[in-house]
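Participant: Sharing a sequence plus its predicted fold:
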Amino acid sequence: MAKNNWRQAVARLVKSEMSMRGFKYQTLSDRLAEIGVEQSADNLRNKVNKGIMGADLFLQIMMVLNARPIAMQALDDILQDLNSGAD
């Protein structure tokens with residue numbers, strides 16, 4: 001499985017949770033600041049769009065978004081979708 005597919009899966013998961021809650025990147029930045037994590041909105045946008053961030057930031061983002069539990073079946077569905085598009 002391509003490394004890029006994993007990154008795209010991270011991006012999709014975060015963007016999906018942000019969309020469901022109507023969060024913009026500035027709101028996400030503000031919420032992260034409330035728990036002591038300093039990330040500018042532009043920096044978050046770049047990291048999320050590229051799907052490249054540390055595990056700690058990913059978990060912090062998911063926590064401030066009050067994200068749904070990540071079902072392994074949902075992750076598998078995303079990865080299969082990405083793989084089918086890569087053919």
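Facilitator: On my side now, so go ahead. None of these values were measured; they are calculated from a predicted model.
Participant: ok, and what's touching the longest helix along the chain?
Facilitator: Determined from DSSP state H, the single longest helix within the chain is helix 3-21. Helix 3-21 is contacted from outside by 23-24, 28, 48-53, 58, 61-62, 65-68, 70, 75, 78-79, 82-83, 86, using Cβ atoms under 8 Å, 6 or more residues apart in numbering. Any C-beta I mention is one placed from the backbone N, CA and C, and that applies to glycine too.
Participant: out of the residues you listed, which are inside strands?
Facilitator: Using DSSP state E, the subset of those located in strands is empty.
Participant: Touching stretch 80-87 from outside, list them.
Facilitator: For stretch 80-87, contacts defined as Cβ under 8 Å, 6+ apart pick out 1-2, 5, 8-9.
Participant: what sits against residue 75?
Facilitator: Shown in contact with residue 75 (Cβ under 8 Å, 6+ apart): 9, 13.
Participant: And the contacts of helix 3-21, which of them are buried?
Facilitator: Buried members of these, scored by 16 or more other Cβ atoms under 10 Å, are 23, 28, 48, 51, 53, 58, 61-62, 65, 67, 78-79, 82.
Participant: Dump these to CSV, plus distance to residue 39 and pLDDT.
Facilitator: As requested, the buried ones among the contacts of helix 3-21 are exported to CSV (distance: Cβ to Cβ, whole Å; pLDDT from 0 to 100):
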residue, distance to residue 39, pLDDT
23, 13, 97
28, 8, 97
48, 10, 97
51, 15, 94
53, 9, 96
58, 12, 95
61, 9, 96
62, 14, 94
65, 13, 95
67, 17, 88
78, 24, 86
79, 26, 87
82, 26, 85
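Participant: Once you drop chain neighbours, what's closest to residue 70?
Facilitator: residue 13 (6.7 Å; Cβ to Cβ, 6 or more residues apart in numbering).
Participant: Distance of the one you found relative to residue 38?
Facilitator: 22 Å (Cβ to Cβ, to the nearest Å).
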